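# This is a predicted model, with the sequence first.
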Amino acid sequence: MREQMEYLRDDADGLRRLLLEEPYGIPEMSVDLLVPACHPEAVAGYIIMEVMGYPIYSGSNTLCTATAVLESGIVPKQEGIQRFKLEAPAGLVQIEAKVHNGVVESVTCGGLPSYIDTYRDKIHVPGIGEVTYSIAYSGGFYALVDATELGFKLSRDEERALSECAYKIVEAIKAQRGFSHYTLGDVGPLPFCTLWALKNR
């Protein structure tokens, strides 16, 4: 599955761009491309396409894909708790779905373990200054930054400034270093930054 994803990424990216760029799509969309599974234990494979590229795993996209294969009949629904496996570019994913009166009521998925790759490192970000960040892996690598340390309150009127700030942080980190998953190796450049704050601070 990963080889198919890498082929699309390197040699056939036109499909992703057609589906996600205007006039047919918007950057906020994702595409989960269903393909035949390569692993004998999986009922189907899927390749995730997003505006930033091809993540090897995504929990939200996995939940959508599992629901779609059930609602479309690719995997026949069974009343009660139903379990099966899907194949992502990152490997097998265990799915548990609850079906009630023929409707998929809930889906859970078990992905790869999440972990902290980097804890409270510092980087100079042009236009911002020194930024303290951590890096977590949870289906992809995420930069985690305390927004209050940068003067934000995380209010609605800061939305544009937060977006611009996050972009600058990601670009600065990407220019300085890359990240490698401990079993999957290179899973692509850093795509995300989460600006957070403790609620009661």
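Thanks, I have it.
# where does the protein dip in pLDDT?
Scanning the chain for pLDDT under 70 picks out 199-201.
# which ones are touching the most centrally placed residue in it?
Nearest to the geometric centre of the chain sits residue 58, at 3.8 Å (Cα atoms, centre = their mean). Shown in contact with residue 58 (Cβ atoms under 8 Å, 6 or more residues apart in numbering): 30, 48, 50, 139-140. Any C-beta I mention is one placed from the backbone N, CA and C, and that applies to glycine too.
# Mind doing that once more with 6 Å?
Going by Cβ atoms under 6 Å, 6 or more residues apart in numbering, residue 58 touches 48, 139.
# Check the burial of residue 163 by counting its neighbours.
Look at residue 163: counted by other Cβ atoms under 10 Å, it has 12 neighbours.
# helices or strands next to the helix or strand hosting it in the packing?
For residue 163, the enclosing helix or strand under DSSP states H and E is helix 159-176. With contacts taken as 3 or more Cβ pairs under 6 Å, 6 or more residues apart in numbering; DSSP states H and E, helix 159-176 sits against strand 115-125, strand 192-196.
# Run through who's touching the last one.
Just to be clear, that refers to strand 192-196. By Cβ under 6 Å, 6+ apart, the residues outside strand 192-196 that reach it are 142-145, 147, 162, 166, 169-170.
# Drop anything exposed from these.
Neighbour counting over these (16 or more other Cβ atoms under 10 Å) leaves 142-145, 147, 162, 166, 169-170 as the buried ones.
# follow-up on the earlier one: whatever helix or strand comes next after the helix holding residue 163 - contacts with which helices or strands?
Per DSSP H and E, the first helix or strand lying C-terminal to helix 159-176 is strand 180-181. Where contact means 3+ Cβ pairs under 6 Å, 6+ apart, strand 180-181 is not packed against any helix or strand.
# Which is the succeeding secondary structure element to strand 180-181?
Going down the chain from strand 180-181, the next helix or strand is strand 185-186, by DSSP H and E.
# Which residue ranges of this structure form helices?
Remark: helices assigned in the chain by DSSP state H are 2-11, 14-20, 59-71, 159-176.
# residues making contact with the third one?
Helix 59-71 is touched from outside by 30, 32, 44, 46, 48, 75, 77, 93, 95, 97, 104, 107, 109, 111, 139, with contacts defined as Cβ under 6 Å, 6+ apart.
# how about 7 Å then?
Surrounding helix 59-71, the residues in contact under the criterion Cβ atoms under 7 Å, 6 or more residues apart in numbering are 30, 32, 43-44, 46, 48, 75, 77, 86, 88, 93, 95, 97, 104, 107, 109, 111, 139.
# just the last one next, same as before
Among residues not part of helix 159-176, those counted as contacts by Cβ under 7 Å, 6+ apart are 123, 125-128, 131, 133, 143, 145, 150, 152, 189-190, 193, 195.
# now the shortest one
Counting by Cβ under 7 Å, 6+ apart, helix 14-20 makes contact with 8, 24-25, 27, 29, 31, 49, 51, all of which sit outside it.
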